[in-house]
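A.B. asks: whatever this is, show me its structure:
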Amino acid sequence: MAQITVIGSISTDFVVETKKLPMMGETVEGEVFRTSFGGKGANQAVASARLGAETTMLGAVGTDPFGNELLKNLEKNGINVNDVERVTHSSGSAFITLVDGDNSIIYVPGANGAYMPEMLDRVIEEEKVFQNSDLVLVQNETPVDTVEHLIRRCNEIGIPLLFNPAPARELHSSLIDQVTFLTPNETECSVLFPGEDIETVLAKYPNKLIVTLGSRGAVYHDGQEIQRIPSIKVEQVVDTTGAGDTFNGAFAFAYASGLNLHDSIRFGNIAAGLSIQKAGAQTGAPTLEQVKEHKDFEKEWDFK
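C.D. replies: Numbers count the residues shown, from 1 in each chain. Got it, this is the predicted structure:
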């Protein structure tokens with residue numbers, strides 16, 4: 001069984017569906033309001049766990065009622081939360097506006113911003129979770145010092161690390177060299193590599209840099225040429241929130257389960273395509289059985 005550790009944000013999503021985004025100073029009428037579980041870290045953990053990975057979550061939630069519910073949700077999805085920290089900050093939150101299936105988001109870190117390097121070190125030194133991990137995932141909704149510390153520690157220990165640099169911020173090239181996979185979208189890629197075209201950057205980081213392109217799939221360089229892997233065809237897009245997280249969690253599961261890089265991206269694209277046909281960042285993440293039912297699933301992909 002694939003063993004995956006996710007370090008990252010655990011948040012509550014407050015979602016409004018409307019036909020029009022308000023301009024500054026304008027009030028518009030919303031059609032639907034709902035709350036759901038989110039946070040890029042939690043989303044990726046749920047995506048991998050739902051597919052069958054033995055998944056451990058590291059991060060922080062508040063001591064407020066939201067924190068209690070966030071932990072219950074992760075446990076319900078079969079995720080180990082024994083080392084999630086409880087802090088005095090409010091639990092993280094995201095305010096999401098949906099218009100015609102596309103989203104805009106305001107993220108409030110709260111407790112997620114309180115997950116410090118020393119908290120991470122306690123787990124590394126006292127537990128075997130890192131040493132037993134097939135792959136570690138992290139995103140940018142965790143403090144920059146903690147992310148950079150994690151990259152260095154994983155490199156020291158020899159544990160493969162997938163870094164999803166979202167939301168985008170600068171990253172020193174020495175740290176890029178230490179990660180196993182880097183998975184920005186197009187916008188995040190332009191922040192990481194300002195002034196450089198995507199083909200040049202892909203060639204610079206073969207079999208490491210995977211750029212997700214939304215409805216156009218994903219691209220990477222295999223050391224010889226650029227490989228373009230299309231997304232699956234989707235009849236109706238319901239909610240794109242969490243699609244990138246589902247891709248990362250599914251890619252991690254596939255790679256940790258023994259698929260090669262190319263097929264792991266294909267698998268991630270299937271899972272992401274299925275996720276946008278349901279509402280919610282986590283509720284749309286498919287099970288392995290649902291992915292297997294899709295026509296693009298290859299029967300030779302043997303998941304135990």
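A.B. asks: quick check: neighbours of the helix or strand of the chain with the lowest mean pLDDT in the sheet, parallel or antiparallel?
C.D. replies: Taking mean pLDDT, DSSP states H and E as the measure, the helices and strands of the chain show their lowest mean at strand 102-108, namely a mean of 83. Strands flanking strand 102-108 in the sheet, each with its direction: strand 92-99 (antiparallel) (DSSP bridges).
A.B. asks: do you have the helices of the chain handy? List them.
C.D. replies: Assignment of helices within the chain using DSSP state H yields the ranges 40-51, 65-76, 117-126, 144-157, 173-176, 186-192, 198-204, 243-256, 261-275, 288-292.
A.B. asks: mind listing what the residue nearest the centre of the chain touches?
C.D. replies: With distances taken as Cα atoms, centre = their mean, the residue of the chain nearest its centroid is residue 245 (3.2 Å). Shown in contact with residue 245 (Cβ atoms under 8 Å, 6 or more residues apart in numbering): 40, 43-44, 47, 164, 281. (C-beta placed from N, C-alpha, C; glycine too.)
A.B. asks: could you redo the last one with a cut-off of 6 Å?
C.D. replies: Taking Cβ atoms under 6 Å, 6 or more residues apart in numbering as the criterion, residue 245 is in contact with 40, 43-44.
A.B. asks: not counting sequence-adjacent ones, nearest residue to it?
C.D. replies: residue 43 (3.5 Å; Cβ to Cβ, 6 or more residues apart in numbering).
A.B. asks: need the contact list for residue 247.
C.D. replies: Residues in contact with residue 247 (Cβ under 6 Å, 6+ apart) are 268, 272.
A.B. asks: tell me where the model's unsure across the stretch 201-304 of the chain.
C.D. replies: Along the stretch 201-304 of the chain, the model assigns pLDDT under 70 to residues 304.
A.B. asks: sorry, wrong one. I was asking about the stretch 51-200 of the chain.
C.D. replies: Low-confidence segments of the stretch 51-200 of the chain, defined by pLDDT under 70: none present.
A.B. asks: check what pLDDT residue 39 gets.
C.D. replies: Note on residue 39: pLDDT of 92.
A.B. asks: count of residues packed around it?
C.D. replies: The tally of other residues near residue 39 (other Cβ atoms under 10 Å) stands at 36.
A.B. asks: any idea how far it is from residue 71?
C.D. replies: In this structure, residue 39 lies at 12 Å from residue 71, with Cβ to Cβ, to the nearest Å as the measure.
A.B. asks: what do you get for residue 288?
C.D. replies: Distance, residue 288 to residue 71, using Cβ to Cβ: 24 Å.
A.B. asks: picking that back up, so which of the helices of the chain gets nearest residue 19?
C.D. replies: Residue 19 sits nearest to helix 243-256 of all the helices of the chain, at 21.4 Å, using Cβ to Cβ.
A.B. asks: and that closest one, which residues are buried?
C.D. replies: 243-256 (16 or more other Cβ atoms under 10 Å).
A.B. asks: distance between it and the chain's centre?
C.D. replies: Remark: helix 243-256 is offset 7 Å from the chain centroid, using Cα atoms, centre = their mean, to the nearest Å.
A.B. asks: now that helix against helix 261-275, angle please.
C.D. replies: If you take axes from the mean of the first three to the mean of the last three Cα atoms, to 10 degrees, helix 243-256 sits at 140 degrees to helix 261-275.
A.B. asks: just the CA trace of helix 243-256, in CSV.
C.D. replies: Included here for helix 243-256 are C-alpha records, laid out as CSV according to Å, rounded to 0.1, in the frame of the first residue of the first chain:
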residue,chain,number,x,y,z
ALA,A,243,-9.2,20.1,-9.1
GLY,A,244,-5.4,20.8,-8.8
ASP,A,245,-5.3,19.3,-5.3
THR,A,246,-7.1,16.2,-6.6
PHE,A,247,-4.5,16.0,-9.4
ASN,A,248,-1.6,16.2,-6.9
GLY,A,249,-3.1,13.7,-4.5
ALA,A,250,-3.9,11.2,-7.3
PHE,A,251,-0.5,11.7,-9.0
ALA,A,252,1.2,11.0,-5.6
PHE,A,253,-0.9,7.9,-5.0
ALA,A,254,-0.2,6.6,-8.5
TYR,A,255,3.6,7.3,-8.4
ALA,A,256,3.9,5.8,-4.8
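A.B. asks: that's all I had, so thanks and see you.
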